[in-house]
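Asker: give me a model of this one.
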Amino acid sequence: MAKPTKSDRKPGKAKAGDLSAKRKQRIEAIAAANKITVILDTDVRKFIAASAREAGMDVAPYLQKVIEAHVIDAAPEGDAMAARLRARREVLDRAVALARKIDGNGGFDEHFILTVMREASQDPDFAALYEQAVAIDPARPRANARARVPLNQQLGRLIKRAAGAQSKRDGAGKIQRAQVQDEVITTYTLLERPVAAAA
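Answerer: Here you go, the predicted structure:
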């Protein structure tokens, strides 16, 4: 008797690949819904760009920081969202300061993002702030796990920027990443110093 084809088999559990693709689509849909396009006056844009450079940031994360600061200031006292944003901002600021310190002490290598996050997570205050920053709802641990992804991505970008580094690429130009277990950040981009342009 012939084996049943895929279409003849009884429906069972979805494959891990299917779930992963659906999860990725859901994350992308949420990200698309959260994007806002703003048209600024030229002088305002130049002022914001200069302010961002002075803060050692790109324009987009700088504007995000400005908006979140407004939310924190304007939210009612005891507001959970404002407390979470405040913790998130503190996590980002501490990670950048630590990255600059480690880099200044000669600690830069291709695993610099992991190095900074590993050292930061040894500080109980940082660890508590990080958990507060991703604590969407104690009853929804999966939502909390998802909240780690954008925060970790932003941490990686800011740490890279703090060290004046760039993403390391392979011979085909593909960005190289590494994975680890039992760390605050489990996937991260390998870094390298930009090659100085020939005179």
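
Asker: host element of the most centrally placed residue in the chain?
Answerer: In the chain, the C-alpha nearest the mean C-alpha coordinate belongs to residue 153, at 1.9 Å (Cα atoms, centre = their mean). Applying DSSP states H and E as the criterion places residue 153 in helix 141-162.

Asker: and stretch 39-46, which residues are buried?
Answerer: Residues of stretch 39-46 include none that count as buried (16 or more other Cβ atoms under 10 Å). Yep, even glycine has a C-beta here, placed from its N, CA and C like the rest.

Asker: before we move on, what about stretch 116-130?
Answerer: By 16+ other Cβ under 10 Å, the buried positions in stretch 116-130 come out as 116-117, 119-120, 126, 129-130.

Asker: and of those, the nearest to residue 86?
Answerer: If you rank the buried residues of stretch 116-130 by distance to residue 86 using Cβ to Cβ, residue 129 comes first, at 8.9 Å.

Asker: residue 188 - that's part of a strand, no?
Answerer: Yes - under DSSP: H, G, I helix; E, B strand; the rest coil, residue 188 falls within a strand.

Asker: distance of it relative to residue 155?
Answerer: 9 Å (Cβ to Cβ, to the nearest Å).

Asker: what residues does the helix holding residue 153 touch?
Answerer: Around helix 141-162, the neighbours that count as contacts under Cβ atoms under 8 Å, 6 or more residues apart in numbering are 27, 56-58, 61, 88, 91-92, 95-96, 99-100, 103, 112-113, 116-117, 130, 133-138, 166-167, 184-185, 187-189, 191.
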